[in-house]
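K.L.:
Pasting the sequence and the predicted model now:
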Amino acid sequence: MLRMLVYCLSLAAIALMLSACSAIELRERMARGTATAAGPAAEAQATVTALGATAESLAAVGTEWAPTLRALETAAALPASSAAPVATAAAFNSAEAVVYGSVPVDSDRLNTIAALAFDASGDLLVSTRAGEIYRLSDADADGLADESRLIFADEEEALRHVAGIFWRGESIIALNGGRLSRLDDSDGDGVYDRVTPLAEALPAEETALLASNGIVEAPDGRLFSVDIKSGEILRIILRE
């Protein structure tokens, strides 16, 4: 906007200079008595010619100004913008827990809830340590899940000792027993029926409770986990 304003002012200065030069030229000619033998009529004609040239110059400048002036008028009609401060989370003095939903668990076989994630639609994915994965959805948007659907039963025990899950594309990626596995819904029925191993020894599993615990995906796609026995933070690098 500043550049446009400077440009307009420059054009205005040029136009004024052209007009001023024509007027000065006429005054000087009249002062020197430069009228030709034809007398006042010739001098008048010269004056008309000079003024006509000035008018043409101003008209050309006006034509060139037109788009800039329209742009300035449009910009002036817009509401003034201001840099709004970055929104921060509101402070709170208390909190409460409500039951959003539930899934079946069995503590006798360590089939307790192990990981949470969200899919692309915003539904909550819940995985148990034994490898069962449920999708909890809030269809009526009342803040509570109204459906809990089993979307992976792990009948073949492909996902034992789940420690973390996250959503990638249309797949669920699971960290299970020191392994990384991808779950896919091959027929599109909402139930995941195919498990593809991606990597192993991340780190090597010792027991169900001392394997890698948790996995998180950074905004740039990097993956991080931990070795809860050693206290090491692990970055998981996927290779083709």
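P.N.:
Received it, and whenever you're ready, just let me know what you need.
K.L.:
in this structure, which spans are helices?
P.N.:
The residue ranges that make up the helices of the chain, judged by DSSP state H, are 2-32, 40-77.
K.L.:
Residue 231 and residue 114: what is the separation?
P.N.:
20 Å (Cβ to Cβ, to the nearest Å). The way it works is simple: take the backbone N, C-alpha and C, and place the C-beta from them, glycine included.
K.L.:
returning to that earlier point: any idea which of the helices of the chain scores lowest on pLDDT?
P.N.:
When those are compared on mean pLDDT, helix 2-32 scores lowest, with a mean of 52.
K.L.:
related to what we said a few turns ago, more crowded one of residue 231 and residue 114?
P.N.:
Just comparing residue 231 and residue 114: by other Cβ atoms under 10 Å the higher neighbour count belongs to residue 114, 24 against 7.
K.L.:
quick one, what contacts the more buried one?
P.N.:
Contact analysis of residue 114 by Cβ atoms under 8 Å, 6 or more residues apart in numbering lists 127-129, 162-164.
K.L.:
Quick check, pLDDT for the closest residue to it other than its chain neighbours.
P.N.:
Closest residue in space to residue 114, ignoring its immediate chain neighbours: residue 129 at 4.1 Å, by Cβ to Cβ, 6 or more residues apart in numbering. Model confidence at residue 129, given as pLDDT, is 87.
K.L.:
Pull up the gap between residue 129 and residue 154, please.
P.N.:
Look at residue 129 and residue 154: by Cβ to Cβ, they are 11 Å apart.
K.L.:
And the two? Which one has more around it.
P.N.:
Residue environment comparison for residue 129 versus residue 154 gives the larger neighbour count to residue 129, 24 against 21, counting by other Cβ under 10 Å.
K.L.:
these two touch, right, the more buried one and residue 106?
P.N.:
No. Counting by Cβ atoms under 8 Å, residue 129 sits too far from residue 106 to count as a contact (10.0 Å).
K.L.:
Now for the two: what residues contact both?
P.N.:
In the contact map built from Cβ under 8 Å, 6+ apart, the residues linked to both residue 129 and residue 106 are residue 112.
K.L.:
can you map out the strands along this protein?
P.N.:
Taking DSSP state E to define them, one finds strands in the chain at 113-118, 124-128, 133-137, 147-152, 162-168, 171-176, 179-184, 194-199, 212-217, 223-227, 232-236.
K.L.:
helices or strands next to the fourth one in the packing?
P.N.:
If I follow you right, that is strand 147-152. If you count contacts as 3 or more Cβ pairs under 8 Å, 6 or more residues apart in numbering; DSSP states H and E, strand 147-152 packs onto strand 133-137.
K.L.:
now the angle from the strand it packs on to strand 113-118?
P.N.:
What separates the directions of strand 133-137 and strand 113-118 is an angle of 50 degrees, with axes from the mean of the first three to the mean of the last three Cα atoms, to 10 degrees.
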